[in-house]
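[1] compute the structure for the input listed below.
(one chain, ligands or ions: 1)
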Amino acid sequence: MAHGLGSIMVLVLALALTVAWAADHSPLQDFCVADINGQVRVNGFACKNPNGVQANDFYFSGMHMMGNTSNRLGSSVTPAFVFQIPGLNTLGISLARLDFAPWGLIPPHMHPRATEILTVLEGQIEVGFVTSNPDNRHISKVLNKGDVFVFPVNLVHYQRNVGNMNAVAMVALSSQNPGVVPIANVVFGSNPDISTDVLAKAFQVSDDIISDMQVKF
Ligand SMILES: *[C@@H]1O[C@H](CO)[C@@H](O)[C@H](O)[C@H]1NC(C)=O
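    Model prediction:
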């Protein structure tokens, strides 16, 4: 009997310890400023000696500066992730500025480690995300200055300037290192390529169309 109860308690404890958090783990100290060039491999970065930590480890400047949108997508992302702010290490949060030329696009992508919340500072931005199977529901909206929109973790989403002026947004992300998986690049631009016939069958188009896509990415 005692043995049975013990087993149940072990099971409950095991379940409690295997809960998968959608955001970064909680810090175990006030801060753990990333030792970005350190040799120790951990989940995230090892901590710098706290005695050597400076205000600049928690600081980034230049978010008022427009990004360079002279590219084929007409968009630009200025990140303030752990690589830019080492003090973000273990804190589960980061931010980025998005710039869009008129009709500029941030194409469909997902963040493997973060939910994203976006605030429009200037312009008019169409946003959308798609739910997982089986519904694949496309949830989208046109946002104006001051509007806020959330993209749940791991879902494919995009942002597009639908105005004839530049647009600007700030996004916050629930990871020090949200990561990005741009759908077109991972499918058509992987290194080495995924076999053309695999993609032709997957997308139900001819090999020629897939080859064209692979050349583009
Ligand atoms: C913006 O990016 C383009 C393409 O990379 C480059 O040719 C141009 O010099 C950049 N402009 C500025 C102001 O940095």
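[2] going forward, measure contacts and count neighbours with C-alpha atoms only.
    Noted.
[3] beyond the worst-scoring helix or strand of the chain on mean pLDDT, next helix or strand please.
    Scoring the helices and strands of the chain by mean pLDDT, DSSP states H and E places helix 2-17 at the bottom, with a mean of 51. Sequence-wise, the next helix or strand downstream of helix 2-17 (DSSP states H and E) is strand 75-80.
[4] so for the next helix or strand after that next one, mean pLDDT?
    Counting by DSSP H and E, the next helix or strand C-terminal to strand 75-80 is strand 94-100. What strand 94-100 shows for mean pLDDT is 98.
[5] kindly report the same for stretch 104-119.
    Mean predicted confidence for stretch 104-119 is 98.
[6] hmm, V150 and E116 touching each other?
    Yes: if you go by Cα atoms under 8 Å, E116 and V150 touch, sitting 5.8 Å apart.
[7] for those two, indicate the residue with more neighbours.
    Neighbour comparison, E116 and V150: the larger count goes to E116, with 22 against 16 (by other Cα atoms under 10 Å).
[8] who does the more buried one bridge with?
    Assessed by DSSP bridges, E116 has beta-bridge partners F151, L173.
[9] residues touching it, list them.
    With contacts defined as Cα atoms under 8 Å, 6 or more residues apart in numbering, E116 is in contact with 150-153, 171-174.
[10] neighbour-wise, give me the winner out of those.
    Going by other Cα under 10 Å, L173 tops these with 24 neighbours.
[11] for the protein, which residues are neighbours of the ligand?
    68, 70-71 (Cα under 6 Å from any ligand atom).
[12] Serialize these to TSV and add fields for neighbour count, pLDDT and distance to K48.
    What follows is the residues of the chain next to the ligand, written out as TSV (neighbours: other Cα atoms under 10 Å; pLDDT from 0 to 100; distance: Cα to Cα, whole Å):
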residue	neighbour count	pLDDT	distance to K48
N68	14	98	33
S70	12	98	38
N71	10	98	37
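[13] redo these as TSV? Include distance to N144.
    Converted to TSV, the residues of the chain next to the ligand look like this (distance: Cα to Cα, whole Å):
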residue	distance to N144
N68	22
S70	23
N71	24
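[14] skipping its backbone neighbours, what lies nearest D197 in space?
    D207 (6.2 Å; Cα to Cα, 6 or more residues apart in numbering).
[15] for the residue most central in space within the chain, give me its contacts.
    The structure's the chain has its C-alpha centroid closest to H111; by Cα atoms, centre = their mean the separation is 3.2 Å. For H111, the contact set (Cα under 8 Å, 6+ apart) comprises 153-155, 178-181.
[16] distance of the closest residue to it other than its chain neighbours from the ligand?
    Nearest residue to H111, sequence neighbours excluded (Cα to Cα, 6+ apart): V180, at 4.7 Å. Per Cα to the nearest ligand atom, to the nearest Å, V180 is found 20 Å from the ligand.
[17] swap in S206?
    From S206 to the ligand the distance is 33 Å (Cα to the nearest ligand atom).
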